[in-house]
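Participant: sequence and predicted structure are below.
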Amino acid sequence: MIVLGIETSCDETGVALYCTTRGLLAQALHSQVAMHEHYGGVVPELASRDHVRRILPLTQQVLDEAGANRADIDAIAYTEGPGLAGALLVGTSVANALAMALNVPAIGIHHLEGHLLSPLLADDPPPFPFVALLVSGGHTQLMQVDGVGRYRLLGDTLDDAAGEAFDKSAKLLGLGYPGGPAIARLAQSGRPGRVRLPRPMLHSNDLDFSFSGLKTAVLTTVKRGLADEAARADLACELQAAIVDVLVAKSLAALEATGLTRLVIAGGVSANLRLREQLAQARAASGIDVYFPAPALCTDNGAMIAFAGALRLAAASAAPAVPDAFSVRPRWALDALPAIDG
Ligand code: KG4
Ligand code: ZN
């Protein structure tokens with residue numbers, strides 16, 4: 001079965017073709033970062049319009065790359081939610097219109113399920129069960145993943161997501177969007193320990209996070225005045241260290257609390273090199289397994305949606321229907337998803 005996957009929940013148009021016997025056949029991605037950078041963050045209306053522009057050329061591109069044509073598509077998976085309503089509507093309406101035209105089923109996928117299952121697309125996939133640290137611009141969650149649709153939320157952020165803390169602090173420092181890579185770059189020349197920021201909820205004895213206080217602490221430091229570029233780099237270095245310290249400590253605590261030994265990281269912040277280094281050190285020190293999927297699988301992409309769609313379609317008890325209507329779910333609880341046996 002060949003599944004076309006379409007992702008348009010935020011500021012990336014992702015399209016991919018996944019084959020249940022041959023694996024990922026092709027994928028294409030257009031990031032809108034350059035467009036939103038100008039405004040210091042994602043502008044929802046511009047995001048929707050850009051998805052409209054990109055989605056069909058990208059679909060043609062993956063078909064060409066895979067040496068396939070539309071008639072080879074057996075099903076279409078698309079991100080139904082959560083995300084920006086207008087952006088979701090673009091992928092959802094194209095997916096359903098194509099499915100109707102090709103007379104194939106369409107299946108709406110939960111964006112976070114896509115992230116949680118994406119490590120299984122890697123060359124060295126983790127077996128179930130595992131703990132997933134999902135760290136993106138919108139989410140900071142620790143999840144126990146026992147199988148498809150078997151997700152247990154272990155911890156969540158009470159306010160800002162980790163990516164948001166990077167992005168908002170970067171703005172305060174006059175750096176561009178997205179803030180994570182900009183802070184990471186500046187942090188390289190920073191001197192550790194020159195400034196001190198809090199490690200929020202490090203000792204809270206639960207698996208929740210809170211990052212909004214860090215942004216306030218950065219604001220206070222900036223307002224007090226940063227003498228020069230070196231002082232800015234010191235602050236970036238400390239901010240990155242503070243966020244990473246909390247993410248690593250809570251991930252290890254989640255492994256301990258669940259008795260599991262496998263940790264998977266996903267989401268845009270998992271591209272952060274300091275996070276990867278610190279988790280690699282923890283792996284060496286404590287004998288846990290840490291899976292670092294390729295950055296292209298960590299950030300938003302069409303492959304994870306095609307893959308999750310293929311798994312759900314294969315497990316469906318009734319033959320999936322060709323759609324005659326559709327909707328989006330800008331808010332969608334992950335635990336509302338049905339589990340798949342096996
Ligand atoms: O998963 P993602 O691409 O999009 C969603 O939010 O769904 O994540 C984007 C987030 C942004 O907040 C960005 O600043 C952050 O990931 N990010 C990073 C790095 N690369 C991207 N944060 C820290 N270090 C990085 N190298
Ligand atoms: Zn995402």
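Facilitator: Structure received. Ligands and ions are numbered 1, 2, ... in the order given.
Participant: list the buried residues for stretch 198-208?
Facilitator: 200-201, 207-208 (16 or more other CB atoms under 10 Å). Quick note: C-beta positions are derived from backbone N, CA and C, even for glycine.
Participant: in JSON lines, list those residues along with pLDDT and distance to Ser9.
Facilitator: Below are the buried residues of stretch 198-208 laid out as JSON lines (pLDDT from 0 to 100; distance: CB to CB, whole Å):
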{"residue": "Pro200", "pLDDT": "97", "distance to Ser9": "27"}
{"residue": "Met201", "pLDDT": "97", "distance to Ser9": "27"}
{"residue": "Leu207", "pLDDT": "98", "distance to Ser9": "25"}
{"residue": "Asp208", "pLDDT": "98", "distance to Ser9": "24"}
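Participant: counting neighbours, show which residues of the helix or strand harbouring Arg49 come out buried.
Facilitator: If you go by DSSP states H and E, Arg49 is part of helix 44-66. Under the neighbour-count criterion of 16+ other CB under 10 Å, helix 44-66 has 44, 46-52, 54-55, 58-59, 61-63, 66 buried.
Participant: and what of stretch 93-104?
Facilitator: Buried residues in stretch 93-104 (16+ other CB under 10 Å): 93-96, 98-100, 102, 104.
Participant: max pairwise distance over the buried residues of stretch 198-208: which two?
Facilitator: Farthest pair in the buried residues of stretch 198-208 (CB to CB) is Pro200 and Leu207. Separation: 13.4 Å.
Participant: send me the helix or strand of the chain with the lowest mean pLDDT as PDB with only the CA atoms.
Facilitator: The weakest-scoring helix or strand in the chain, judged by mean pLDDT, DSSP states H and E, is helix 295-298 (a mean of 87). C-alpha atoms of helix 295-298 as PDB (Å, rounded to 0.1, in the frame of the first residue of the first chain):
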ATOM      1  CA  PRO A 295      16.700  16.100  12.400                       C
ATOM      2  CA  ALA A 296      14.500  15.800   9.300                       C
ATOM      3  CA  LEU A 297      12.300  13.300  11.200                       C
ATOM      4  CA  CYS A 298      12.400  15.300  14.400                       C
END
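Participant: look up the pLDDT of Gly342 for me, please.
Facilitator: pLDDT for Gly342: 66.
Participant: for stretch 177-193, what is the average pLDDT?
Facilitator: Stretch 177-193 carries an average pLDDT of 95.
Participant: tally of neighbours for the closest residue to ligand 2 within the stretch 151-300 of the chain?
Facilitator: Here the stretch 151-300 of the chain gets closest to ligand 2 at one residue, Asp300, 4.4 Å apart by CB to the ion. Using other CB atoms under 10 Å, Asp300 has 26 neighbouring residues.
Participant: what does Leu273 give?
Facilitator: Neighbour tally, Leu273, other CB under 10 Å: 12.
Participant: show me the helices in this protein, by range?
Facilitator: With DSSP state H as the criterion, the chain has helices at 33-37, 44-66, 85-102, 111-117, 162-172, 179-187, 212-224, 229-258, 273-286, 295-298, 302-315.
Participant: and the last one with helix 85-102, angle?
Facilitator: It stands for helix 302-315. Here the directions of helix 302-315 and helix 85-102 differ by 50 degrees (axes from the mean of the first three to the mean of the last three CA atoms, to 10 degrees).
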